[in-house]
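In: A predicted structure for the sequence below; I have some questions about it.
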Amino acid sequence: MKKNQMVHVSLFLAHVLLLISLHGASGKDYISAVGDPGMRRDELRVALEAWNFCNEVGAEAPGMGSPRAADCFNLTSSSLRHGVSEDDNKLGVGTPFPGISQGALNNVDLYAAEKELYLGSLCQVSDSPKPWQFWMVMLKNGNFDTKSGLCPANGKKAAPFSPGKFPCFGSGCMNQPIVNHQETELLDGDTMRGSFSGSYDLGSDLSNGNGGADGISFYEVVWQKKLGVGSWVFRHKLKTSKKYPWLMLYLRADATQGYSGGYHYDTRGMLKTLPESPNFKVRLTLDIKQGGGPKSQFYLIDIGSCWKNNGQPCNGDVLTDVTRYTEMIINPETPAWCSPTGLGNCPPYHITPDDRKIYRNDTANFPYSAYHYYCAPGNAKHLEQPVSTCDPYSNPQAQEIMQLLPHPIWAEYGYPTKQGQGWVGDARTWELDVGALSSRLYFYQDPGTTPARRIWGSVDVGTEIFVSDKDEVAEWTLSDFDVIFTPKKE
Ligand SMILES: *[C@@H]1O[C@H](CO)[C@@H](O)[C@H](O)[C@H]1NC(C)=O
Ligand SMILES: *[C@@H]1O[C@H](CO)[C@@H](O)[C@H](O)[C@H]1NC(C)=O
């Protein structure tokens, strides 16, 4: 070999080594926890679920079937081949489908849970370490007819009680929505688009297509993507009305099996690996066009899990399972209820990034304005006073909720540090260290028990318009959604 050839070869080797190490440093140490990293897969899988006040069905909307639907397709050379038919989407209680159990056939709540599994089987994509099924659009109606006796209190069957505490216009107020589905189509040869839309006002005419009719509730999720390019963009719209003043609309990455946040049935979803604190991050692009008014609790981001007060994982026993939520509300109109004079709305302590504990009675140091509201599980036995306990009715079991606000102390985790960041007119791509942040938040546990593993079965983005006194509209797009983690070194 001549000398200049040798130089060439070693330069070439140096180049290869450089490439390998750059590759390592530039993100290949990350693994995605979702089946569709960054929403870039052309062959989309998306589903819809609708919940009543306590995360059940209660009653199906006439002609709509059970409130579970999906849109999943493969690409052939020039067309979309759909795996879910409109007949599948319209399946309703009493109509059997492959795999349904006897007990579920005539029970609206169990029927919906098993329909989700069935739709999942039609959408499932083989993958490692597990197959996955779909992104999940979740809708929830916050009306609660307290005379119906439909919702348990902290998981215990509860007697009906007189109205006043919750919104409800009268019997039937807990209804499921109209669901219109526009199956994903290929337009102009290179753009794919589909949608779910509808209203809670049964019988309302949505044919004008804008959903903006006065006094009528409305929701819409439109997904669109250019073939082979970039991310799906999910455009969401949610409108409240006098009859439906409390509505929720989220896009969720849920567990592919087991429980997902707030859901006490076996679920299907997108998280083929369950993220565990402290080791995971969430990437996404969010562009909020309309905020939804002062009561719109827009979550960047909400994570949900379930563990018992003794730290053990949930097992479906609604009397001892507890849903846990961590959510940052980015609507700048949301005040901090936690304050030196409202200690019962604060967690007992805050933990700094360098692991110092600051008690809430330390008025010189506790970051009150970083916390909107903390509420403890209603079935906890050893709570520190003063304390607020969470609403006992709005989940199938007790719940614990930690609601944060943008604040400089969250800078370490890549979260919004100032009111207004990420809000209307400030579209951004975020990389949130959700795992590290959620590892340092307070959650209730019985004294002397082993700390729970914080494994999250749901990661979602969207808004909860919380009892608005006028019709409000929220509108936003979400894209590039990913949940990533660094694998454990072997
Ligand atoms: C889509 O492709 C997957 C994997 O090849 C296959 O299992 C599934 O049956 C296909 N679905 C349709 C509707 O073609
Ligand atoms: C503050 O709260 C902590 C924990 O509850 C308690 O141990 C401490 O005595 C309190 N300090 C004051 C000054 O009240």
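Out: Received it, and whenever you're ready, just let me know what you need. Numbers count the residues shown, from 1 in each chain. Ligands and ions are numbered 1, 2, ... in the order given.
In: what about the residue in the stretch 101-250 of the chain that ligand 2 sits nearest to, neighbour count?
Out: Nearest to ligand 2 in the stretch 101-250 of the chain, going by CB to the nearest ligand atom, is N154, at a distance of 24.8 Å. Backbone N, C-alpha and C define where each C-beta goes, glycine included. For N154, the number of neighbouring residues by other CB atoms under 10 Å comes to 22.
In: Just list the residues touching it, thanks.
Out: Applying CB atoms under 8 Å, 6 or more residues apart in numbering to N154 gives the contacts 319, 377-379, 392, 397-398.
In: I'd say I455 and P278 touch.
Out: No - counting by CB atoms under 8 Å, I455 does not reach P278; the two are 11.8 Å apart.
In: Next one: the residue in the stretch 151-300 of the chain that ligand 2 sits nearest to relative to A452, how far apart?
Out: Each residue of the stretch 151-300 of the chain has a distance to ligand 2, by CB to the nearest ligand atom, and the smallest belongs to S277, at 23.5 Å. Separation of S277 from A452 (CB to CB, to the nearest Å): 10 Å.
In: Find the nearest non-adjacent residue to A474, please.
Out: Using CB to CB, 6 or more residues apart in numbering and skipping the chain neighbours, the partner closest in space to A474 is G292 (3.0 Å).
In: Can you give me the neighbour number for the one you found?
Out: Residue crowding around G292 was assessed by other CB under 10 Å; the count is 27.
In: can you pull the contacts of it?
Out: Shown here is G292, whose contacts under the criterion CB under 8 Å, 6+ apart are 238, 240, 298, 331, 463, 465, 468, 472-474.
In: Narrow the contacts of N154 to just the buried residues.
Out: Taking 16 or more other CB atoms under 10 Å as the criterion, what is buried in those is 377-379, 392, 397-398.
In: Is the residue in the chain positioned nearest to ligand 2 part of a helix or strand, or is it coil?
Out: With CB to the nearest ligand atom as the measure, the residue in the chain that lies nearest ligand 2 is N361; the distance is 3.8 Å. Here N361 is recorded as coil under DSSP: H, G, I helix; E, B strand; the rest coil.
In: Around it, how many other residues sit close by?
Out: Taking other CB under 10 Å as the criterion, the count of residues near N361 is 11.
In: List phi and psi for it.
Out: phi -90, psi 0 (degrees, to the nearest 10).
In: need the contact list for it.
Out: With contact taken as CB under 8 Å, 6+ apart, N361 is in contact with L343.
In: Could you check how far it is from ligand 1?
Out: According to CB to the nearest ligand atom, to the nearest Å, N361 stands 58 Å off from ligand 1.
In: Tell me the confidence at that residue?
Out: pLDDT, the model's per-residue confidence, is 97 for N361.
In: Distance-wise, check it relative to K281.
Out: Per CB to CB, N361 is found 33 Å from K281.
In: and what of N141?
Out: According to CB to CB, N141 and K281 sit 32 Å apart.
In: Ligand 2 contacts on this protein?
Out: Residues of the chain lying close to ligand 2 (CB under 6 Å from any ligand atom) are 359, 361, 384.
In: what do you get if the cut-off is 8 Å, keeping everything else the same?
Out: If contact is defined as CB under 8 Å from any ligand atom, the residues of the chain in contact with ligand 2 are 348-349, 359-362, 384.
In: Determine which two of those are furthest apart.
Out: By the measure CB to CB, D362 and E384 form the most distant pair in the residues of the chain next to ligand 2, at 14.2 Å.
In: Tell me which of these two has more neighbours.
Out: Between D362 and E384, counting by other CB under 10 Å, E384 is the more crowded of the two (16 against 12).
In: what about the residue nearest to the more buried one when sequence neighbours are not counted, neighbour count?
Out: Of all residues not flanking E384 in the chain, P348 sits nearest, at 4.9 Å (CB to CB, 6+ apart). Burial measure for P348: 17 neighbouring residues, criterion other CB under 10 Å.
In: still on that earlier bit, closest to ligand 1 among the buried ones among the contacts of N154?
Out: Distance to ligand 1 across the buried ones among the contacts of N154 (CB to the nearest ligand atom) is lowest for Q397, with 35.6 Å.
In: If I follow the layout properly, that closest one ends up in contact with T323?
Out: Yes - assessed by CB under 8 Å, Q397 is found in contact with T323 at 6.1 Å.
In: Overlap in contacts, these two.
Out: Common neighbours of Q397 and T323 are listed as C306 (criterion: CB under 8 Å, 6+ apart).
In: pLDDT averaged over stretch 86-98 - what is it?
Out: Over the span of stretch 86-98, the pLDDT mean works out to 98.
In: Buried residues in it, which are they?
Out: Going through stretch 86-98 with 16+ other CB under 10 Å, the ones that come out buried are 88-89, 91-93, 97.
In: Do any residues in it lie close to ligand 1?
Out: No - using CB under 8 Å from any ligand atom as the criterion, no contacts between stretch 86-98 and ligand 1 are found, and the smallest distance is 11.4 Å.
In: Could you pull out the strands in the stretch 351-490 of the chain for me?
Out: For the stretch 351-490 of the chain, the strands defined by DSSP state E, counting those that start in this stretch occupy 357-359, 371-375, 398-404, 428-432, 458-465, 473-485.
In: Quickly compare the ones you listed and say which is most buried.
Out: When neighbours are counted by mean count of other CB atoms under 10 Å, the highest per-stretch mean among those falls to strand 458-465, a mean of 26.
In: Would you mind getting the angle between that one and strand 473-485?
Out: Angle, strand 458-465 to strand 473-485, by axes from the mean of the first three to the mean of the last three CA atoms, to 10 degrees: 160 degrees.
In: Strand 458-465 pairs with which strands?
Out: The sheet places strand 458-465 alongside strand 247-254 (antiparallel), strand 296-306 (antiparallel), with pairing taken from DSSP bridges.
In: Nearest approach to ligand 1 belongs to which of those?
Out: Distances from ligand 1 to each of the strands paired with strand 458-465 were compared by CB to the nearest ligand atom, and the smallest falls on strand 247-254, at 20.7 Å.
In: in the closest one, what's buried?
Out: Buried positions in strand 247-254, judged by neighbour count with 16+ other CB under 10 Å: 247-254.
In: Please apply the same query to stretch 70-81.
Out: Buried residues in stretch 70-81, counting neighbours by 16+ other CB under 10 Å, are found at 70-73, 80.
In: which strands and helices sit next to the one helix or strand D71 maps to?
Out: Following DSSP states H and E, one finds D71 within strand 68-75. Helices and strands touching strand 68-75, by 3 or more CB pairs under 8 Å, 6 or more residues apart in numbering; DSSP states H and E, are strand 45-51, strand 80-82, helix 86-89, helix 108-123, strand 180-187, strand 191-198.
In: what angle sits between that strand and helix 108-123?
Out: Interaxial angle of strand 68-75 relative to helix 108-123 (the same axes, to 10 degrees): 0 degrees.
In: Relative to strand 68-75, what are the paired strands and their orientations?
Out: Each strand paired with strand 68-75, and its direction, by DSSP bridges: strand 45-51 (antiparallel), strand 80-82 (antiparallel).
In: Return the first one as CSV; C-alpha atoms alone will do.
Out: Pointing back at strand 45-51 there. As requested, the backbone C-alpha atoms of strand 45-51 are provided in CSV (Å, rounded to 0.1, in the frame of the first residue of the first chain):
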residue,chain,number,x,y,z
ARG,A,45,-54.0,3.9,13.4
VAL,A,46,-56.4,6.2,15.4
ALA,A,47,-59.4,5.4,17.5
LEU,A,48,-62.1,7.3,19.5
GLU,A,49,-63.6,6.6,22.9
ALA,A,50,-66.2,8.6,24.7
TRP,A,51,-66.8,8.5,28.5
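In: And for it, what's in contact with it?
Out: For strand 45-51, contacts defined as CB under 8 Å, 6+ apart pick out 35-36, 57, 67-72, 112, 116, 119-120, 123, 125, 132-141, 176-177, 179, 194, 196, 221, 223, 262, 268.
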